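Asks: Sequence and predicted structure are below.
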Amino acid sequence: MSLKQNDKKGLRTIGHQLSPVVTVAENGLSATVLAEIERALNDHELIKIKFVTEDRDNKKALIAEVMEQTNATLVQTIGHIALILRKVTKPNPKLSNLKRFSHL
């Protein structure tokens, strides 16, 4: 999914309010970590993931793998944090970050 610049700006504004919900360490992506990312995307649509690795190339590879495995869209990366989006057909208004922070 391709995002327009204005869409990204709004998503970054919402993302500023969020904390990372998943941490990916040096060991990479396990089935459990991917399952947690899937659950978080299904519930929240817009999430932050923290990548704990010192190697930039390894971090970029991990982010690309998450995007490929989850069919999500990368909104922004800052340092060790990636903001990703995957819209769902019927979001829960109490859990969806897009619905909860739509006033921003």
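Replies: Yep, it's here.
Asks: Setting aside sequence neighbours, what's the nearest residue to the residue sitting nearest the centre point of the chain?
Replies: Centroid-nearest residue in the chain: residue 84, 2.7 Å away (criterion: CA atoms, centre = their mean). Nearest residue to residue 84, sequence neighbours excluded (CB to CB, 6 or more residues apart in numbering): residue 72, at 4.5 Å. For glycine as for every other residue, the C-beta is placed from the backbone atoms N, C-alpha and C.
Asks: cool, residue 101 as well?
Replies: residue 14 (4.4 Å).
Asks: Identify the residues contacting that neighbour.
Replies: By CB atoms under 8 Å, 6 or more residues apart in numbering, the contact list for residue 14 reads 46, 97, 98, 101, 104.
Asks: that older thread, any idea which helix or strand carries the residue nearest to the centre of the chain?
Replies: strand 81-85 (DSSP states H and E).
Asks: Same check on residue 48?
Replies: Residue-wise, residue 48 maps onto strand 46-51 under DSSP H and E.
Asks: repeat for residue 7
Replies: Per DSSP H and E: helix 5-16 holds residue 7.
Asks: residues of that helix that come out buried?
Replies: For helix 5-16, a neighbour-count test (16 or more other CB atoms under 10 Å) marks 8, 10, 11, 14, 15 as buried.
Asks: Same check on stretch 58-67?
Replies: Buried residues in stretch 58-67 (16+ other CB under 10 Å): 59, 62, 63, 66.
Asks: The first one touches residue 80, doesn't it?
Replies: Yes. Counting by CB atoms under 8 Å, a contact exists between residue 59 and residue 80, whose distance comes to 7.0 Å.
Asks: Return every residue with contacts to both of those two.
Replies: In contact with both residue 59 and residue 80: 51, 53, using CB under 8 Å, 6+ apart.
Asks: what sits against residue 52?
Replies: 23, 24, 25, 26, 80.
Asks: For stretch 47-59, the averaged confidence score.
Replies: For stretch 47-59, mean pLDDT is 95.
Asks: What of stretch 68-78?
Replies: The model assigns stretch 68-78 a mean pLDDT of 97.
Asks: And stretch 86-104, by the same measure?
Replies: Here the average pLDDT along stretch 86-104 is 92.
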